[in-house]
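> pasting a predicted model and its sequence here:
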Amino acid sequence: MKIAILSGGVGGAKLLLGASLAFEGAEITAIVNTGDDFRHLGLHVSPDVDTALYTLSGKANRAQGWGREGESWAFMTAVRSLGGEDWFNLGDGDLALHVLRSARLAGGEPLSAIIADFAQRWGIGPRVLPMSDDTVATIVETDEGVLEFQRYFVARRCDPRALAIRFEGAAAARPAPGTVEAIAAADVILIAPSNPLLSIDPILAVPGLRAALQAAGAPRIAVSPLIGGQAVKGPTAKLMAELGLPVNNQAIADHYAGLIDGLLVDEADARDALPIASHAVPTLMTDDASKAAVARAAVAFASRIDRR
């Protein structure tokens, strides 16, 4: 079985891990958002890709879902002592990824090749692909002015009111090698319970990827990021409300109209009347068993979709 998963950060990484646990031997391809990527202290940081790599290799901090387990912070302490910017922390172990990636990018290697090498060295089974090797930057227009994503998300903790979101560079970007092919060849396509506006939309903004999803022959299932009208993690609900969207699964289904055949929702939302096929299961992924259960439920739901 071939499974393609469009993924953002923590929620996406949990579903990726769940799929790898539930379907041993399956060919799993993650197409990961890189609109969050930015340069910090001169280094190329790729938060969503790194969360996927850490999670799939067993190196992730299980309590927070991102970063490395057992991390130390001597580097940031030294940066702070010299008056350097410390609003975005880089752990000592985490720093290795950023330094090596930055050096290899400067040497002319594409991001996709670097990620593939890291994944191979850590024994990661699923293929982890960036959405593009080209630079795409998520920009949030707010009541405090225009903010790059990490300034909005980390430095300002999503506090400013969002007015609009755009993806600079997306129009000129090309899908990373293997992304379009993975969607076309998939037996099942999943959209992870990542923020639709900040994590999945950047992927769909890369020319060719939305069209590939629209043209796919496989059943396409999105896992809702909402449980009982609340976001599991992050600013999904806040952003939806600020941009004039109702915070419910109807809005999620409408947002993905024409791109999905079904929406997997939490059992708390089982009674929601939706304009698309839906199925309700517990979707909160708190441990490996629940992550695998959600992945199995999504794939089983997909198997019942008739796209004729």
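Looks like it arrived, so ask away.
> which residues in the stretch 201-308 of the chain form helices?
201-205, 209-215, 236-242, 249-255, 288-303 (DSSP state H, counting those that start in this stretch).
> closest to Leu264 out of those?
Leu264 sits nearest to helix 288-303 of all these, at 5.2 Å, using C-beta to C-beta. For every residue, glycine as well, the C-beta is placed using N, CA and C.
> for Ala176, find the nearest of the helices of the stretch 201-308 of the chain.
For the helices of the stretch 201-308 of the chain, proximity to Ala176 was assessed by C-beta to C-beta; helix 209-215 is nearest, at 9.4 Å.
> now do the contacts for Ala192.
Residues in contact with Ala192, defined by C-beta atoms under 8 Å, 6 or more residues apart in numbering, are Ile5, Leu6, Ser7, Gly8, Gly11, Gly12, Lys14, Leu15, Leu16, Ser199, Ile200, Val223.
> now the third one, nearest residue through space, not along the chain?
Excluding its sequence neighbours, the residue lying closest to Ser7 (C-beta to C-beta, 6 or more residues apart in numbering) is Ala192, at 4.5 Å.
> look at the one you found and report its pLDDT.
Note on Ala192: pLDDT of 98.
> next one: it from Met131, what distance?
Per C-beta to C-beta, to the nearest Å, Ala192 is found 13 Å from Met131.
> how about Gly208?
Going from Gly208 to Met131 by C-beta to C-beta gives 10 Å.
> can you list residues touching both of those two?
The contact sets of Gly208 and Met131 overlap at Pro175 (C-beta under 8 Å, 6+ apart).
> list the contacts of the strand or helix carrying Phe167.
Using DSSP states H and E, Phe167 sits within strand 162-168. By C-beta under 8 Å, 6+ apart, the residues outside strand 162-168 that reach it are 35, 136-143, 152, 197-198, 201-202, 205, 238-239, 242-243.
> again, 6 Å this time
35, 136-142, 197, 202, 205, 239, 242 (C-beta atoms under 6 Å, 6 or more residues apart in numbering).
> make CSV out of the contacts of Ala192 and add neighbour count.
CSV is the format used below for the contacts of Ala192 (neighbours: other C-beta atoms under 10 Å):
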residue, neighbour count
Ile5, 27
Leu6, 28
Ser7, 31
Gly8, 30
Gly11, 25
Gly12, 30
Lys14, 30
Leu15, 29
Leu16, 28
Ser199, 28
Ile200, 27
Val223, 28
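> can I get those residues in CSV with pLDDT and distance to Gly42?
As requested, the contacts of Ala192 are arranged in CSV below (pLDDT from 0 to 100; distance: C-beta to C-beta, whole Å):
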residue, pLDDT, distance to Gly42
Ile5, 98, 32
Leu6, 98, 30
Ser7, 97, 27
Gly8, 94, 25
Gly11, 93, 30
Gly12, 96, 27
Lys14, 96, 31
Leu15, 98, 33
Leu16, 98, 30
Ser199, 96, 26
Ile200, 98, 29
Val223, 98, 37
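> which two among those residues are spaced furthest apart?
Top of the distance list for these (C-beta to C-beta): Lys14 and Ile200, 15.0 Å.
> who does the worst-scoring helix or strand of the chain on mean pLDDT touch, helix- and strand-wise?
For the chain, using mean pLDDT, DSSP states H and E, the weakest element among its helices and strands is strand 230-231, scoring a mean of 86. If you count contacts as 3 or more C-beta pairs under 6 Å, 6 or more residues apart in numbering; DSSP states H and E, strand 230-231 packs onto no helix or strand.
> swap in 8 Å and give it another go.
In terms of contacts (3 or more C-beta pairs under 8 Å, 6 or more residues apart in numbering; DSSP states H and E), strand 230-231 is packed against helix 236-242.
> pick the most deeply packed of the helices of the stretch 201-308 of the chain.
helix 201-205 (a mean of 25; mean count of other C-beta atoms under 10 Å).
> packing partners for it?
By 3+ C-beta pairs under 8 Å, 6+ apart, helix 201-205 packs against strand 162-168, helix 209-215.
> tabulate these in a markdown table, adding columns for distance to Ala302 and mean pLDDT.
As requested, those are exported to a markdown table (distance: least, C-beta to C-beta, whole Å; pLDDT from 0 to 100):
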| stretch | distance to Ala302 | mean pLDDT |
| --- | --- | --- |
| strand 162-168 | 28 | 98 |
| helix 209-215 | 14 | 98 |
